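Q: Sequence first, then the predicted structure:
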Amino acid sequence: DVLVEATPTTLGDAEPGFSHVERALADDRHVVLANKGPVAERYADVRALEADSEGTVRFGATVGGALPILSTIEDVGPSRVSAVYGVLNGTANFVLSRMAAEGLDYEHVLAEAQDLGVAEADPTFDVDGTDTALKGVIVANVLAEGETEFTLDDAAVEGIQELSGGMLDLAQEDGQTIRLIVEVADGSVRVGPRLVSANGAVAPSGTENAVQIEADYCGRLGITGRGAGGPETASAVLTDVERLAD
């Protein structure tokens with residue numbers, strides 16, 4: 001049996017998602033997570049429960065949705081990955097893309113994103129960097145392979161709320177733009193607005209995500225595409241279920 005845990009992400013004790021995981025593993029069932037909370041806030045606890053169970057926990061959907069970010073790290077080998085960085089929130093990327101392309105201010109574009117259904121009625125986690133940071137923390141936990149545990153409290157986080165259209169205009173004059181970037185490297189997680197090349201690998205448009213993985217032997221691997229949404233998340237969940245069946 002497989003439990004698919006897709007309740008809303010909660011911080012701190014990660015409840016009720018964590019308890020759902022705990023009960024499933026106690027019954028030797030596999031778990032597939034779309035909920036970021038248990039592996040962002042209680043990663044060591046989840047792994048300890050998994051170690052005492054016949055079940056396995058997979059959580060590819062928690063980072064990048066349908067994009068194979070965690071599975072790529074798994075296939076390459078976490079110990080060989082030195083850095084992961086890029087764009088992991090479609091709402092923030094849409095806002096910054098529109099601000100840059102149309103010269104619009106933040107509040108105007110955010111309202112537009114809400115009208116289009118790109119942003120939630122309460123977009124706080126998306127625009128203040130929390131959602132991106134949770135994903136970065138999950139990546140950091142995977143890379144640490146149990147030697148260190150990361151939670152949201154360990155991340156340095158800055159959002160995009162204070163960015164003005166003028167800042168993006170200035171960036172464009174130099175062939176650059178601004179994106180909300182997560183950087184996981186050297187045992188740290190940092191999230192914030194960063195200047196990047198306007199035509200570079202981590203300057204996707206609209207709601208797309210774009211991540212670079214730096215690894216021994218492979219060099220730099222790039223993954224770009226639609227990272228969020230119902231169908232995308234469902235696809236990632238089904239991929240994890242299929243991996244459990246292999």
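A: Received the coordinates, thanks.
Q: ok, residue 154 - contacts?
A: Listed by C-beta atoms under 8 Å, 6 or more residues apart in numbering, the contact set of residue 154 reads 137, 140, 188-189. No exception for glycine: its C-beta is placed from N, CA and C like everyone else's.
Q: hmm, try it at 10 Å
A: Going by C-beta atoms under 10 Å, 6 or more residues apart in numbering, residue 154 touches 133, 136-137, 140-141, 148, 187-189.
Q: In strands, which of these fall?
A: Of the contacts of residue 154, the ones assigned to strands by DSSP state E are 188-189.
Q: between the contacts of residue 154, which is closest to residue 168?
A: residue 133 (22.2 Å; C-beta to C-beta).
Q: roughly how far is stretch 153-163 from the heart of the chain?
A: 14 Å (C-alpha atoms, centre = their mean, to the nearest Å).
Q: Span of that stretch from start to end?
A: 24 Å (C-alpha to C-alpha, to the nearest Å).
Q: same question, stretch 125-132
A: 8 Å.
Q: which residues of this protein fall in helices?
A: 17-26, 37-41, 43-51, 69-76, 90-102, 106-116, 124-127, 130-144, 165-173, 230-245 (DSSP state H).
Q: Return the most buried member of these.
A: Of all those, helix 37-41 has the most neighbours on average by mean count of other C-beta atoms under 10 Å, namely a mean of 27.
Q: Mind giving me the packing neighbours of it?
A: On a contact count with 3 or more C-beta pairs under 10 Å, 6 or more residues apart in numbering; DSSP states H and E, helix 37-41 meets helix 17-26, helix 43-51, helix 130-144.
Q: If we use 6 Å, what do you get?
A: helix 17-26, helix 130-144 (3 or more C-beta pairs under 6 Å, 6 or more residues apart in numbering; DSSP states H and E).
Q: With distance to residue 219 as added columns, please give the ones you listed in a markdown table.
A: Below are those laid out as a markdown table (distance: least, C-beta to C-beta, whole Å):
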| stretch | distance to residue 219 |
| --- | --- |
| helix 17-26 | 35 |
| helix 130-144 | 17 |
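Q: Rebuild those as a markdown table, extending it with mean pLDDT and distance to residue 205.
A: Conversion of the helices and strands packed on helix 37-41 to a markdown table gives the following (pLDDT from 0 to 100; distance: least, C-beta to C-beta, whole Å):
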| stretch | mean pLDDT | distance to residue 205 |
| --- | --- | --- |
| helix 17-26 | 99 | 32 |
| helix 130-144 | 98 | 17 |
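Q: Out of those, which is closest to residue 243?
A: Per C-beta to C-beta, nearest to residue 243 of these: helix 130-144, 14.9 Å.
Q: Return the distance of the closest one from the chain's centre.
A: The answer for helix 130-144 is 7 Å, by C-alpha atoms, centre = their mean.
Q: Please enumerate residues in contact with that helix?
A: 36, 39-40, 43, 62-63, 73, 78, 81, 84, 88-89, 125, 150, 152, 155, 157, 182, 184, 189, 191 (C-beta atoms under 6 Å, 6 or more residues apart in numbering).
Q: same check, this time on stretch 41-59
A: Outside stretch 41-59, the residues touching it (C-beta under 6 Å, 6+ apart) are 14, 18, 22, 25, 28-33, 38-39, 141, 149, 151, 240.
Q: now that stretch: mean pLDDT?
A: If you average the pLDDT over stretch 41-59, you get 98.
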